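# Would you be able to build a 3D model of this:
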Amino acid sequence: MTAKIESWNKWLKAILFLFTLGLFGIVFRVMRFVENKNSVTLVVAIISILPPLGQVLAIIDVVTEISKNKVLLLAD
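The predicted structure is shown next:
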């Protein structure tokens, strides 16, 4: 599932991360957890529900998506 999302245009993904205020990042990390069974990814998804942390993670996701074309922060 996440491989298909990662194949999307990086600007589309960046807009989704930015305008959904982190919700897309949470959903992406949960899907990544389902695929890889990495508990740290699930914990970060749950923690990012909290408003200040979720907004910071959304900004970091946008920056890494634009620069590296991939979500890098705790989303293995």
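
# Closest to the centroid, which residue in this protein?
For the chain, the residue nearest the mean C-alpha position is residue 25 (3.0 Å; C-alpha atoms, centre = their mean).

# so that residue makes contact with residue 17?
Yes. Using C-beta atoms under 8 Å, residue 25 makes contact with residue 17 at a distance of 5.7 Å. Every residue, glycine included, has its C-beta placed from N, CA and C.

# shared neighbours, the two?
Common contacts of residue 25 and residue 17 (C-beta atoms under 8 Å, 6 or more residues apart in numbering): 58, 61.

# Roughly how far does residue 37 sit from residue 31?
Distance, residue 37 to residue 31, using C-beta to C-beta, to the nearest Å: 12 Å.

# in this protein, what spans have low per-residue confidence?
Segments of the chain classed as low confidence (criterion: pLDDT under 70) are 72-76.

# quick one, strands of the chain?
Read by DSSP state E, the chain holds no strands at all.

# so where do the helices sit in it?
For the chain, the helices defined by DSSP state H cover 2-6, 10-19, 23-36, 39-47, 51-68.

# Need the winner for burial among those helices.
The highest mean neighbour count among these, using mean count of other C-beta atoms under 10 Å, belongs to helix 23-36: a mean of 18.

# Keeping just the C-alphas, turn it into CSV.
Taking C-alpha atoms only, helix 23-36 is exported to CSV below (Å, rounded to 0.1, in the frame of the first residue of the first chain):
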residue,chain,number,x,y,z
LEU,A,23,-3.8,13.2,9.4
PHE,A,24,-2.3,11.9,6.2
GLY,A,25,1.0,11.3,8.0
ILE,A,26,-0.8,9.3,10.7
VAL,A,27,-2.6,7.2,8.2
PHE,A,28,0.6,6.6,6.3
ARG,A,29,2.5,5.5,9.4
VAL,A,30,-0.3,3.1,10.4
MET,A,31,-0.3,1.6,6.9
ARG,A,32,3.5,1.3,7.2
PHE,A,33,3.1,-0.4,10.6
VAL,A,34,0.7,-2.9,9.1
GLU,A,35,3.2,-3.7,6.3
ASN,A,36,6.4,-3.9,8.4
